[in-house]
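Trainee: Just to be clear, the model below is a prediction. Sequence and coordinates:
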Amino acid sequence: MNSILQQIKKRRLTLGLKQSDMLLRVGVSRQQYQRLESKGNPRLDTLELISQGLSSELILIPKEKLNAVKALLEQNEPSSQARKPVKEETKKRLSDDPWQGLLGDES
């Protein structure tokens, strides 16, 4: 379970979201989300909601395909040097408008 919880936290941070942002995105309070991220045992429907809130998908990957999937994901992941830091303005706007960019708009 730790791997999934670590992936959830990593995805949230990659999107520049705070734990408190998850209330508007998923309907989970900051305290509930913090508990889930640190040591939780979420139900499947909760994981599905969180994945939607993080613009992600839950999938089962057969073990024999896992290395191929990881390699593919690593190829598509921008290098840490190429990543641009999230501007403070962007963080504030995401808190004010958690739906920003969900429909592909860049405003």
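Mentor: Here it is on my side, so go on.
Trainee: which ones are touching residue 69?
Mentor: Counting by C-beta atoms under 8 Å, 6 or more residues apart in numbering, residue 69 makes contact with residue 61. (Glycine included, C-beta is placed from N, CA and C.)
Trainee: For it, pull up the helix or strand it's in.
Mentor: helix 63-76 (DSSP states H and E).
Trainee: which one is residue 5 nearest to, not counting chain neighbours?
Mentor: For residue 5, ignoring the flanking residues on the chain, the nearest one in space by C-beta to C-beta, 6 or more residues apart in numbering is residue 37 at 5.9 Å.
Trainee: next one: residue 56
Mentor: Distances taken as C-beta to C-beta, 6+ apart put residue 11 closest to residue 56, at 5.8 Å, once the chain neighbours are dropped.
Trainee: And the strand or helix carrying the one you found, what's buried?
Mentor: Residue 11 is part of helix 2-14 when elements are defined by DSSP H and E. Buried residues in helix 2-14, defined by neighbour count with 16 or more other C-beta atoms under 10 Å: 5, 8, 9, 11, 12.
Trainee: would you list these in CSV and tack on pLDDT and distance to residue 65?
Mentor: As requested, the buried residues of helix 2-14 are exported to CSV (pLDDT from 0 to 100; distance: C-beta to C-beta, whole Å):
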residue, pLDDT, distance to residue 65
5, 90, 23
8, 92, 22
9, 92, 25
11, 92, 21
12, 92, 26
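Trainee: got a pLDDT number for residue 23?
Mentor: Taken from the predicted model, the pLDDT recorded for residue 23 is 89.
Trainee: One more: residue 103?
Mentor: 59.
Trainee: Any regions of the protein where pLDDT drops low?
Mentor: Within the chain, the stretches falling below the threshold (pLDDT under 70) are 1-2, 77-107.
Trainee: What values do phi and psi take at residue 28?
Mentor: Its backbone dihedrals place residue 28 at phi -110, psi 130, with angles given as degrees, to the nearest 10.
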